[in-house]
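Kindly return the folded structure for what I paste below:
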Amino acid sequence: MTETIAERYLKLGLRLGRHVDGLVDSYAGPPEFAAQVEAEPLREPAALASDAEELLGDLDDGWLRDQAHGLLTWASFAAGASGSYADEVEGSYGVRPEHTDEAVFEAAHRELEGLLPGEGPLGERYESWRHSITVPPDRIEGAVAALIEEARAWTREIVELPQGEGVDLEVVRNKAWLAFCEYQGGLRSQISVNADLPISAFELLHVTCHETYPGHHVERVCKDDLLVRGRGVLEETIVMVPTPQSLVSEGIAELGSELLLGSEAGERLTAVLANAGIELDLVHALAVWRAMEPCRWAEVNAALMLHQDGGSDADAREYLQRWGLMPAEYAAHVVRFMTEPTTRTYVINYSAGRALCREYVDRDPARFRRLLTEQVRVRDLT
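Sure, this is the predicted structure:
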């Protein structure tokens, strides 16, 4: 029987995923496809790049073609293709990383000086503020569980959630990421929060919204319900890391957290934290968060330094400490993320995804709902 385009795409993604653990972010498609691929001899990246080129030749312009191009890019670079780090990022996600002038960070630092007054360098004052609202590790799981319920209630006002959806929560250690949402299929997600690094009360709010409601979990269950179950869009059953799907997804999660925390529901979330013995001045925290936003582009600069300009891990850590105002242990964690095989190109998705999704939504709830429920291309966001 001839394979459909969607079936070819799923199997290509699964075959690539055998080369690097985590390249397949989630898979909820036909189990027989996964079993077939697992039983096959391992196909080398060059052969998979040829498969991807063939698939591209059979695809019309559209969302799936963008995805296949991302897989072709990953397979080609894994096979030793020539090209710069910026070429690899652009081929994967549809946006090209560019160096942000440090004057942008200097302006942000000046704004933060007014929000974090006191003696000593700004980075130390910022870390002191974070430390003053740090959540004790033994309270993380309970606080996140309580926040999830309030965030779900707000999300239901934005988009209809399918009956039976839900999340399972765990606290983990020794991961390259701070938190992770793994869609399990069946309208359920596994939410993991990494307790390796101290996390502030505001960061806990952000991470919870980003990973669950109205972020990654909501996007996956809505698209599973409406696209896969409702319309038979089989290609939505796999989420591949090195594709434009990742940029849109991170943009949704970043913007969704911003929308929720900036709404009246934000104060209800801080009340949940207060009930857990965690105090937070949300108005001030949001002001600091917004002032810090330009500094997050320092992570893209650091990735370019590492992978394109010949900089060392130590150079990147120092850069992130200076311009991103990161403590040493946090900067080391981010550099680890940038050097993992799965996520070396991924850092662009947070800042670029947030900026593009914010521009697209432009405070229109219907547009945010579309991001959660439809296949939106990166070019649709500009």
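
distance of the closest residue in space to A146 that isn't next to it in sequence from L260?
Distances taken as CB to CB, 6 or more residues apart in numbering put V272 closest to A146, at 4.8 Å, once the chain neighbours are dropped. The C-beta positions use only the backbone N, C-alpha and C, and glycine is treated the same way. The gap separating V272 from L260 is 13 Å, by CB to CB, to the nearest Å.

of those two, who's got more company?
Just comparing V272 and L260: by other CB atoms under 10 Å the higher neighbour count belongs to L260, 26 against 20.

I'd like to check which residues are in contact with that one.
A151, W154, T155, C209, Y213, P214, G266, L269 (CB atoms under 8 Å, 6 or more residues apart in numbering).

Out of those, which is nearest to I191?
Y213 (10.4 Å; CB to CB).

Contact partners for the closest one?
Counting by CB under 8 Å, 6+ apart, Y213 has contacts I148, A151, R152, W154, T155, G256, L260.

okay if I get these as CSV plus secondary structure and pLDDT?
Putting those into CSV (DSSP: H, G, I helix; E, B strand; the rest coil; pLDDT from 0 to 100) gives the following:
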residue, secondary structure, pLDDT
I148, helix, 96
A151, helix, 97
R152, helix, 97
W154, helix, 96
T155, helix, 97
G256, helix, 97
L260, helix, 96
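
and stretch 291-301, what's its mean pLDDT?
Across stretch 291-301, pLDDT averages out at 98.

May I have the distance across it, first residue to last?
18 Å (CA to CA, to the nearest Å).

any idea how far the residue nearest in space to the middle of the chain lies from D364?
Among the residues of the chain, the one closest to the centroid is E250, at 3.7 Å (CA atoms, centre = their mean). According to CB to CB, E250 and D364 sit 20 Å apart.

Repeat that for A34.
Taking CB to CB, one finds A34 at 38 Å from D364.

same deal with S312?
From S312 to D364 the distance is 45 Å (CB to CB).

what's the farthest-apart pair in the contacts of Y213?
Across the contacts of Y213 (CB to CB), the longest gap, 13.6 Å, separates I148 and G256.

tell me the contacts of I278?
Per CB under 8 Å, 6+ apart, neighbours of I278: I133, V135, R139, A143, A201.

just the residues you listed now: which is nearest E340?
Looking across the contacts of I278 and measuring by CB to CB, the closest to E340 is V135, at 25.5 Å.

Many thanks, we can stop here.
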